[in-house]
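Student: The following comprises the amino acid sequence and a computationally predicted model.
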Amino acid sequence: MTRRISNPYEKIAHKTERTNNQKLVQWMNEIIQEKHLNLGSVEQETSGADRKQPDIVIKKRPGSEEIIFVIELKPPAFLDPFNEAELVEPARTKATRRRSSYFATSNFRELIWFNTERANRLEPLEKQIVQRYTLSSMIDPDTIEEPGIKSAIRRGLERFLVDLVEVSTGQKAEPKHAIDEILEGY
């Protein structure tokens, strides 16, 4: 009979997709406050009448319950943030039901921002996508708080949130993209 002696230094807790979702929510709320962005709160897994829970929602402005953005997340090992069945379609559906102008898909490595109305009209992909952001090189969910990963994700989120305010308030037009630019790296 083999006896296993536990290692007192063995890591007993691992970060899950939900843990990492909460980190993004925390960091986005911090960025909104630090940069004085005219956005409402960012919340995790709020349920709607459809009983579906988007991973993250962003409220339109402070004090508002109106949702401007829905984000669906997968763990970093999920390599395709353009996956129609597992990410894009569920995000589009949740955004539509919440009357959200925009939605995004992300695997913590990239964030792909879509225009809900254009996605509902089944316009070409290059017209549906508003912007694409590189967030990190993270592969292991346990590394999200490592300084290099955390700072890269926060920089990407800051660019995204500033762009969201500028586009949603009309200060800046949604950029136009060529399909090869959108799919670069895929």
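Tutor: Sure thing, it's come through.

Student: alpha carbons only for contacts and neighbour counts from here, please
Tutor: Fine.

Student: Convert the C-alpha atoms of the helix ranked longest in the chain to CSV, please.
Tutor: Of all the segments of type helix in the chain, defined by DSSP state H, the longest one is helix 147-168. Written as CSV, here are the backbone C-alpha positions of helix 147-168 (Å, rounded to 0.1, in the frame of the first residue of the first chain):
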residue,chain,number,x,y,z
PRO,A,147,2.3,41.6,-13.3
GLY,A,148,2.9,41.3,-17.1
ILE,A,149,-0.4,39.6,-17.8
LYS,A,150,-2.4,41.9,-15.5
SER,A,151,-0.9,45.1,-17.0
ALA,A,152,-1.4,43.9,-20.6
ILE,A,153,-5.0,43.0,-19.9
ARG,A,154,-5.7,46.3,-18.2
ARG,A,155,-4.1,48.3,-21.1
GLY,A,156,-6.3,46.5,-23.6
LEU,A,157,-9.4,47.0,-21.4
GLU,A,158,-8.6,50.7,-21.1
ARG,A,159,-8.3,51.2,-24.8
PHE,A,160,-11.5,49.3,-25.3
LEU,A,161,-13.5,51.3,-22.7
VAL,A,162,-12.2,54.6,-24.0
ASP,A,163,-13.1,53.6,-27.5
LEU,A,164,-16.6,52.5,-26.3
VAL,A,165,-17.3,55.9,-24.7
GLU,A,166,-16.1,57.7,-27.8
VAL,A,167,-18.0,55.6,-30.2
SER,A,168,-21.2,55.4,-28.2
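
Student: From the rest of the structure, what touches it?
Tutor: 27-28, 31-32, 37-39, 108, 133-138, 143-144, 172-174 (C-alpha atoms under 8 Å, 6 or more residues apart in numbering).

Student: ok, and for stretch 30-39, which residues are buried?
Tutor: Neighbour-count burial for stretch 30-39, counted by 16 or more other C-alpha atoms under 10 Å, picks out 30-32, 37-39.

Student: Ends of that stretch, what's the gap?
Tutor: 12 Å (C-alpha to C-alpha, to the nearest Å).

Student: Residues contacting it, please?
Tutor: Contacts for stretch 30-39 (C-alpha under 8 Å, 6+ apart): 58-62, 158, 161-162, 165.

Student: mind running it again at 6 Å?
Tutor: 60-62 (C-alpha atoms under 6 Å, 6 or more residues apart in numbering).

Student: thinking again about what came up before, of all the buried residues of stretch 30-39, which two lie farthest apart?
Tutor: Distance extremes for the buried residues of stretch 30-39: the farthest pair is 30 and 38 at 12.8 Å, using C-alpha to C-alpha.
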